[in-house]
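1. Here is my input, please return the structure:
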Amino acid sequence: MEFAIKSGTPEKQRSACVIVGVFQSKRLSTAAKAIDQASEGMIGALMRRGDLTGDLGQTLWLYNLPNTLCDRVLVVGCGREREFDEKALQKATVAAVRAVNASGATEAVSYLTELAVKGADSAWKIRQTVIHTEDALYRFDQLKSEKKPEAKRPLKKIVLNVPTRRELMKGEQAAREGMAIAAGMKRAKDLANLPGNICTPTYLAEEAQRLKKTFRKLKVEVLEETDMEKLGMGALLSVSKGSEQPAKLITMDYRGGDKNARPVVLVGKGITFDTGGISIKPGAAMDEMKFDMGGAASVFGVITAVCELQLPINIVGVVAAAENMPDGRASKPGDIVTTMSGQTVEILNTDAEGRLVLCDALTSVEKYHPAAVVDIATLTGACIIALGHVASAVLGNHSPLVNDLLTAGKDAVDPAWELPLWDDYQEQLDSNFADMANIGGRPAGSITAACFLSRFAKKYHWAHMDIAGTAWKSGKDKGATGRPVPLLMSWLLKRAH
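-> Just a heads-up that it's a prediction; the model follows:
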């Protein structure tokens with residue numbers, strides 16, 4: 001998809017389609033008023049007649065309007081004007097994009113970016129519009145033998161309007177940022193949607209090498225199991241013992257900032273398929289455990305977006321990749337392993353494997369003397385019970401870092417919520433036989449999982465994101481969401497600027 005930024009009045013646009021918004025109670029947006037006046041009251045007449053109510057997401061095509069230069073006008077309902085917010089902009093944008101894509105118009109000029117959203121400037125609205133447009137048109141059908149036919153003439157270009165020419169440069173930069181974030185989300189979704197027989201730890205390592213060929217500033221290192229054995233990563237290796245797929249520790253190192261500046265490190269859980277191991281999961285919906293590498297997928301997505309924008313920052317993406325399978329060699333409940341940090345862990349449940357791969361990865365990144373470390377993981381079902389599928393959980397040992405992530409989530413409309421990381425919860429991890437157990441029982445499962453990880457992140461500012469409820473959708477819309485790439489990119493863009 002091509003995006004362009006322009007400033008001009010809607011009735012003078014020579015285009016296959018012009019998109020304008022209307023609100024309930026027969027209220028017209030500024031662009032809709034301009035079209036209405038040029039066409040001698042056509043839009044107003046339709047609203048008075050009841051053909052157009054302005055309900056959020058409603059669309060109506062108008063053809064050959066007098067005194068306009070476009071082929072057609074798409075009028076989009078935006079709901080109540082005083083309630084038009086970030087979510088309403090998203091819904092109106094998606095409705096418009098899908099309608100235009102099905103119409104045969106290959107180009108459209110959208111004036112939805114001029115609609116007022118409280119606290120949002122044109123640049124923010126343009127960035128969000130680009131992201132929502134690409135998300136609305138996303139399809140994953142590369143593994144189908146018979147692909148659904150695309151639109152006969154699919155939408156190829158959208159021009160987004162800004163009120164004045166002074167905003168053109170900021171608008172163009174916002175569009176570039178939106179396209180990069182959308183590209184990162186697409187990579188994250190593509191990886192997570194792949195089945196476990198294709199997207200293995202080795203496949204993820206190869207994907208990193210493919211990224212390296214695309215972006216020259218990116219350096220890639222892949223540690224094999226023999227390398228991890230030498231480093232004493234007993235926790236990570238305990239997860240892959242029952243699988244024929246070897247574990248990989250993948251590092252993608254991007255240096256766009258000052259060479260002496262300490263990097264930001266992102267650590268992603270990359271369990272490419274999770275049966276639960278010996279503590280095997282129920283069969284229902286186990287196919288969705290291919291999404292258990294959603295944290296790793298988001299790291300790939302962020303690295304893609306950062307490289308696309310050539311941000312002036314230093315960032316290291318680390319992916320702890322393994323497959324969790326039951327086998328004669330698999331870890332058993334009660335086994336004790338020694339982590340890279342030297343701490344020992346009693347594995348009471350082999351289905352709590354994500355924290356085992358992450359803890360060694362968190363120890364390994366100490367060598368970077370990081371400015372901040374954020375791990376991202378589909379870690380606990382308890383997080384879904386706590387927050388549903390709306391917000392990701394954030395916990396950490398540094399309040400400013402946690403607050404920055406929460407603010408970034410609000411800005412990106414990719415919400416997150418802080419859970420407490422109090423010492424009171426740590427005693428649930430007590431073990432009679434090792435330094436700690438890998439689970440703390442049913443109460444506060446998401447919190448005790450983060451408490452476990454906190455024991456390996458004491459030498460730097462650290463935050464943990466549990467995305468178990470937000471990384472993918474189930475049901476008829478089953479598939480990866482690309483979250484929290486928008487949140488992480490909003491955070492990194494603010495640091496870069």
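
2. okay, Ala151: pLDDT?
-> What the model reports for Ala151 is a pLDDT of 62.

3. tell me the contacts of Val20?
-> 10, 29, 31-32, 35, 43, 73-76, 111-112 (CB atoms under 8 Å, 6 or more residues apart in numbering). Backbone N, C-alpha and C define where each C-beta goes, glycine included.

4. Tell me the spacing between it and Ala38.
-> 11 Å (CB to CB, to the nearest Å).

5. got the contacts of Val20 as JSON lines, with secondary structure, distance to Gly294 and neighbour count columns?
-> As requested, the contacts of Val20 are exported to JSON lines (DSSP: H, G, I helix; E, B strand; the rest coil; distance: CB to CB, whole Å; neighbours: other CB atoms under 10 Å):
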{"residue": "Pro10", "secondary structure": "helix", "distance to Gly294": "41", "neighbour count": "26"}
{"residue": "Ser29", "secondary structure": "coil", "distance to Gly294": "38", "neighbour count": "26"}
{"residue": "Ala31", "secondary structure": "helix", "distance to Gly294": "39", "neighbour count": "26"}
{"residue": "Ala32", "secondary structure": "helix", "distance to Gly294": "40", "neighbour count": "24"}
{"residue": "Ile35", "secondary structure": "helix", "distance to Gly294": "43", "neighbour count": "26"}
{"residue": "Ile43", "secondary structure": "helix", "distance to Gly294": "44", "neighbour count": "25"}
{"residue": "Val73", "secondary structure": "strand", "distance to Gly294": "40", "neighbour count": "26"}
{"residue": "Leu74", "secondary structure": "strand", "distance to Gly294": "35", "neighbour count": "23"}
{"residue": "Val75", "secondary structure": "strand", "distance to Gly294": "38", "neighbour count": "28"}
{"residue": "Val76", "secondary structure": "strand", "distance to Gly294": "32", "neighbour count": "27"}
{"residue": "Tyr111", "secondary structure": "coil", "distance to Gly294": "36", "neighbour count": "26"}
{"residue": "Leu112", "secondary structure": "helix", "distance to Gly294": "30", "neighbour count": "23"}
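
6. Same list (those residues) but as a markdown table, adding distance to Ala408 and pLDDT.
-> Below are the contacts of Val20 laid out as a markdown table (distance: CB to CB, whole Å; pLDDT from 0 to 100):
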| residue | distance to Ala408 | pLDDT |
| --- | --- | --- |
| Pro10 | 34 | 96 |
| Ser29 | 29 | 97 |
| Ala31 | 31 | 97 |
| Ala32 | 33 | 97 |
| Ile35 | 37 | 97 |
| Ile43 | 38 | 95 |
| Val73 | 36 | 97 |
| Leu74 | 32 | 98 |
| Val75 | 34 | 97 |
| Val76 | 28 | 98 |
| Tyr111 | 28 | 97 |
| Leu112 | 24 | 97 |
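
7. Export those to CSV and append columns for distance to Arg139.
-> As requested, these are arranged in CSV below (distance: CB to CB, whole Å):
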residue, distance to Arg139
Pro10, 30
Ser29, 30
Ala31, 30
Ala32, 31
Ile35, 32
Ile43, 33
Val73, 27
Leu74, 22
Val75, 27
Val76, 22
Tyr111, 27
Leu112, 23
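
8. for these, which one is nearest Gln128?
-> Leu112 (10.3 Å; CB to CB).

9. Let me know whether the closest one touches Leu74 as I believe.
-> No. Using CB atoms under 8 Å, Leu112 is not in contact with Leu74, being 10.0 Å away.

10. Tell me how far Gly44 lies from Val76.
-> 16 Å.

11. What ranges does this protein have for its helices?
-> 30-38, 42-49, 86-101, 122-137, 168-193, 201-214, 225-231, 234-240, 294-309, 354-364, 381-387, 399-411, 445-454, 485-496 (DSSP state H).

12. Mind listing what's buried along the lowest-mean-pLDDT helix or strand in the chain?
-> In the chain, the helix or strand scored least confidently by mean pLDDT, DSSP states H and E is helix 42-49, which has a mean of 93. Across helix 42-49, burial judged by 16 or more other CB atoms under 10 Å covers 42-44, 46-47.

13. cool, and stretch 259-271?
-> Result for stretch 259-271 [16+ other CB under 10 Å]: buried residues 263-271.

14. same check, this time on stretch 25-41
-> For stretch 25-41, by 16+ other CB under 10 Å, it's 27-29, 31-36, 38-39.

15. How about stretch 171-189?
-> 171-172, 174-189.

16. do the same with stretch 415-427
-> 415-416, 418-419, 421, 425-426.

17. gap between the two ends of that stretch?
-> Start and end residues of stretch 415-427 are separated by 30 Å (CA to CA, to the nearest Å).

18. Tell me where the model's unsure across this structure.
-> Across the chain, the ranges flagged by pLDDT under 70 are 149-151.

19. Can you pull up the most central residue in it?
-> Nearest residue to the geometric centre of the chain (CA atoms, centre = their mean): Arg483, 2.2 Å.

20. how about the nearest residue to Glu172 once chain neighbours are set aside, what does it touch?
-> Among residues not flanking Glu172 along the chain, Ile5 sits closest, at 5.0 Å (CB to CB, 6 or more residues apart in numbering). By CB under 8 Å, 6+ apart, Ile5 lies in contact with 126, 159-162, 168, 171-172, 175.

21. Rebuild those as CSV, extending it with distance to Asp85.
-> Formatted as CSV, these follow (distance: CB to CB, whole Å):
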residue, distance to Asp85
Ile126, 17
Val159, 24
Leu160, 19
Asn161, 20
Val162, 20
Leu168, 26
Gly171, 21
Glu172, 25
Ala175, 22
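
22. shared neighbours, Leu112 and Leu74?
-> Residues touching both Leu112 and Leu74 (CB under 8 Å, 6+ apart): 19-20, 96.
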